[in-house]
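Novice: Got a predicted structure here, sequence first:
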Amino acid sequence: MKKQLTAAGLSYLRHAVTCAAVLYMSGITDPKVLANAFIAGLVGPLLKAIAPNEKQFGINSTSTTKKGK
């Protein structure tokens, strides 16, 4: 389970960093705007995490629930 949580966390982090990097590369260097982009980048993956039908990292994913129950 720790391996799955690490994978999910890295996926979320990658997405958030990408959102901030896109703004930075387009010339926006205001730290507040970049921080907001980073936080906004976490919204999509977090919505994926709370989706009950998401098979990879969702609440009811087979990797986080015990098989056979």
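Specialist: That came in fine, so what should we check first? Keep in mind that what you see is a predicted model, and the values were worked out from it rather than measured.

Novice: what comes up buried for stretch 31-48?
Specialist: L34, A37, F38, G41, P45, K48 (16 or more other C-beta atoms under 10 Å). Any C-beta I mention is one placed from the backbone N, CA and C, and that applies to glycine too.

Novice: and which of these is nearest S11?
Specialist: P45 (6.2 Å; C-beta to C-beta).

Novice: where does the closest one land in three-state SS?
Specialist: For P45, the assignment made with DSSP: H, G, I helix; E, B strand; the rest coil gives helix.

Novice: Show me the strands in this structure, by range?
Specialist: Secondary structure of the chain by DSSP state E: no strands are present.

Novice: Quick check, pLDDT for the most centrally placed residue in it.
Specialist: The centroid of the chain falls nearest to Y12 when counting by C-alpha atoms, centre = their mean (2.2 Å). Model confidence at Y12, given as pLDDT, is 84.

Novice: Please look at it and F38 and confirm they touch.
Specialist: No. With contact defined as C-beta atoms under 8 Å, Y12 and F38 do not form a contacting pair (10.8 Å).

Novice: Thank you, goodbye.
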